[in-house]
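> structural data only, the sequence is not supplied:
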């Protein structure tokens, strides 16, 4: 696996990367300076020749993951997989809730919908965020490499054709929910009015059925049919929603077309904004099989870029983290002694489990097992934002450490490995939020630092 150090000229424009040994010589002679840790990038402090090669960037676009690979005629310069930020829809719902509450407290506030005009190119905010993230990761690669051509895989899917191969004409106007009054009625019919828990212990001939959000544990509470499933009241309890319950992490086999729908909506918007070439999935698959490469987003992007016999590079794992958190207040539940086993448990673990006003089938009331109250519940309000945030990379003398958090009202910073230092002794190397690139293995990162 060849390691590369990315290079910029005096003006900050990207040049062809070099080997770590050459970068070390330039840094020791003060002919270059470090401008970025990951991917490791240096900037020249003196003028030099700027011979460039043809660099093709291949992008395997997707709903959750994006593969990227930049190749020349002889070698792959950078490649890897970018994981898109998830949970946008749920955070948008929380923002909507906060704004509604704020509008209710202002008597003469103008309606917001009058200024929120939607143009012809409007996309849902969650879809728009994923489209913009594709553009951001491509721009970040262009900042460190002289990319001359971009090729994007646009997989054209016909969702209803997948469900019904014989569909024609006006039948496309009838989706899966046609003829149903609401989503709940459709989900109950799809599940044959039966509890979908394979280990359901209900013995009732006519159990009370409820609709459960499958992805609640990963902050996905959208009302898509693929995210809803039918459960009875004995399975759909507060206890089963807890981290120890079977609903937390449960992934029933329900087919979802979210990724295909996303590509159908944005594939040409992506190509038009980048003004680039495009290819299709069946072409990528046939070439990848011909090269005997395993299925991965990185390998797909390598094939899309025209890769064949080039020397491969070590892959990066790019991640995206939120820069800010809107939650200014947190609630910590009270703790009680469970009379059944004598362990400390939170108030929600020993709740009445009543979710609705229906009295047809109430679950067991667990409040009667609350024993001695060990600690009171409390609210914590964030009054200030500290400079060092979790995930930041800092330097302490000759060591590079990762920030885990801030303690004692900002007086000390918790680091990994386990250390606690005052902020004035730390030097910020890299912010941990936004889009970050990391090697797939820690050994390769250590080799790069030792050589460069």
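That came through fine. Because the structure is a prediction, the values reported are computed rather than measured.

> from here on, contacts and neighbour counts on C-alpha atoms
Noted.

> pLDDT below threshold where in the protein?
Counting by pLDDT under 70, the chain has low-confidence residues at 1, 107-117, 155-181, 255-258, 260, 326, 355-362, 439-452.

> so which residues of it form helices?
For the chain, applying DSSP state H gives helices covering 20-28, 88-104, 125-142, 159-163, 183-190, 238-241, 258-274, 281-290, 297-304, 442-451.

> which helices and strands does the third one pack with?
Spelled out, it's helix 125-142. When contacts are defined as 3 or more C-alpha pairs under 8 Å, 6 or more residues apart in numbering; DSSP states H and E, helix 125-142 packs onto helix 258-274.

> quick check, distance from the helix it packs on to the centre of its chain.
With C-alpha atoms, centre = their mean, to the nearest Å as the basis, helix 258-274 stands 18 Å off its chain's centre.

> what is it packed up against?
Using 3+ C-alpha pairs under 8 Å, 6+ apart, helix 258-274 sits against helix 125-142.

> who are the neighbours in contact with residue 76?
Applying C-alpha atoms under 8 Å, 6 or more residues apart in numbering to residue 76 gives the contacts 69, 70, 307, 310, 311, 312, 313.

> so who does the nearest residue to it once chain neighbours are set aside touch?
Closest residue to residue 76 apart from its sequence neighbours, by C-alpha to C-alpha, 6 or more residues apart in numbering: residue 312 at 5.1 Å. Residue 312 makes contact with 1, 2, 75, 76, 77, according to C-alpha under 8 Å, 6+ apart.

> quick one: the closest residue to residue 315 other than its chain neighbours from residue 390, how far?
In space, and not counting its chain neighbours, residue 315 is closest to residue 80: 4.4 Å by C-alpha to C-alpha, 6+ apart. Using C-alpha to C-alpha, to the nearest Å, we find residue 80 at a distance of 24 Å from residue 390.

> the two: who's more crowded?
For residue 80 and residue 390, the more surrounded residue by other C-alpha atoms under 10 Å is residue 80, and the numbers stand at 25 against 16.

> I'd assumed residue 68 was in contact with the more buried one.
Yes - Residue 80 lies in contact with residue 68 (C-alpha atoms under 8 Å); the separation is 5.6 Å.

> overlap of the contact sets of the two?
Counting by C-alpha under 8 Å, 6+ apart, the common neighbours of residue 80 and residue 68 are 297, 298.

> returning to that earlier point: give the full set of residues in contact with the residue nearest to residue 315.
Contacts of residue 80 by C-alpha under 8 Å, 6+ apart are 67, 68, 69, 297, 298, 314, 315, 316, 317, 318.

> quick one: it from residue 41, how far?
17 Å.

> and residue 183, by the same measure?
51 Å.

> between the two, which has more neighbouring residues?
Using other C-alpha under 10 Å as the criterion, residue 183 and residue 41 rank with residue 41 on top: 21 against 15.

> name the nearest residue to the more buried one, sequence neighbours excluded.
residue 6 (4.6 Å).

> so what's the residue count around residue 86?
18.

> how close does the closest residue to it other than its chain neighbours get to residue 90?
The shortest distance from residue 86 to any residue other than its chain neighbours is 7.7 Å, reached at residue 64 (C-alpha to C-alpha, 6+ apart). From residue 64 across to residue 90, the span is 16 Å (C-alpha to C-alpha).

> next one: the residue nearest the centre of the chain relative to residue 378, how far apart?
Centroid-nearest residue in the chain, with C-alpha atoms, centre = their mean: residue 85, separated by 2.4 Å. Plainly put, residue 85 is 31 Å away from residue 378 if you go by C-alpha to C-alpha.

> what's the answer for residue 346, then?
Applying C-alpha to C-alpha to residue 346 and residue 378 gives a distance of 12 Å.

> same check on residue 89?
Taking C-alpha to C-alpha, one finds residue 89 at 28 Å from residue 378.

> more neighbours: the two, which one.
Legend: neighbour count by other C-alpha under 10 Å for residue 89 and residue 378, higher for residue 89 (17 against 11).

> tell me the contacts of that one?
Residue 89 is in contact with 126, 220, 222, counting by C-alpha under 8 Å, 6+ apart.

> related to what we said a few turns ago, between the contacts of residue 312, which is nearest residue 154?
residue 76 (22.1 Å; C-alpha to C-alpha).

> distance check, the closest one against residue 222.
40 Å.

> could you dump the contacts of residue 312 into CSV and include distance to residue 425?
Converted to CSV, those look like this (distance: C-alpha to C-alpha, whole Å):
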residue, distance to residue 425
1, 37
2, 36
75, 42
76, 40
77, 36
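
> which among the residues you listed end up buried?
75, 76, 77 (16 or more other C-alpha atoms under 10 Å).

> isn't the first one right next to residue 310, touching?
Yes - taking C-alpha under 8 Å as the definition, residue 75 is a contact partner of residue 310 at 4.5 Å.

> was I right about residue 58 contacting residue 147?
No - taking contacts as C-alpha under 8 Å, residue 58 lies outside contact range of residue 147: 10.3 Å.

> ok, residue 247 - contacts?
Going by C-alpha under 8 Å, 6+ apart, the list of residues near residue 247 reads 214, 240, 241.

> hmm, I typed the wrong one, I wanted residue 251.
Each residue near residue 251 by C-alpha under 8 Å, 6+ apart is listed here: residue 214.

> can you tell me how far it is from residue 236?
According to C-alpha to C-alpha, residue 251 stands 15 Å off from residue 236.

> for residue 59, same thing?
Counting by C-alpha to C-alpha - residue 59 and residue 236 are separated by 42 Å.

> which one's more surrounded, these two?
Just comparing residue 59 and residue 236: by other C-alpha under 10 Å the higher neighbour count belongs to residue 59, 31 against 21.

> going through the contacts of residue 76, which ones are buried?
Using 16+ other C-alpha under 10 Å as the burial test, the contacts of residue 76 include 69, 70, 307, 312, 313 as buried.

> could you dump these to TSV with distance to residue 340?
Conversion of the buried ones among the contacts of residue 76 to TSV gives the following (distance: C-alpha to C-alpha, whole Å):
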residue	distance to residue 340
69	57
70	60
307	63
312	59
313	57
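
> and the furthest pair within the residues you listed?
307 and 313 (11.8 Å).

> quick one: residue 242 and residue 248 touch, right?
Yes - under the criterion of C-alpha under 8 Å, residue 242 makes contact with residue 248 at 6.5 Å.
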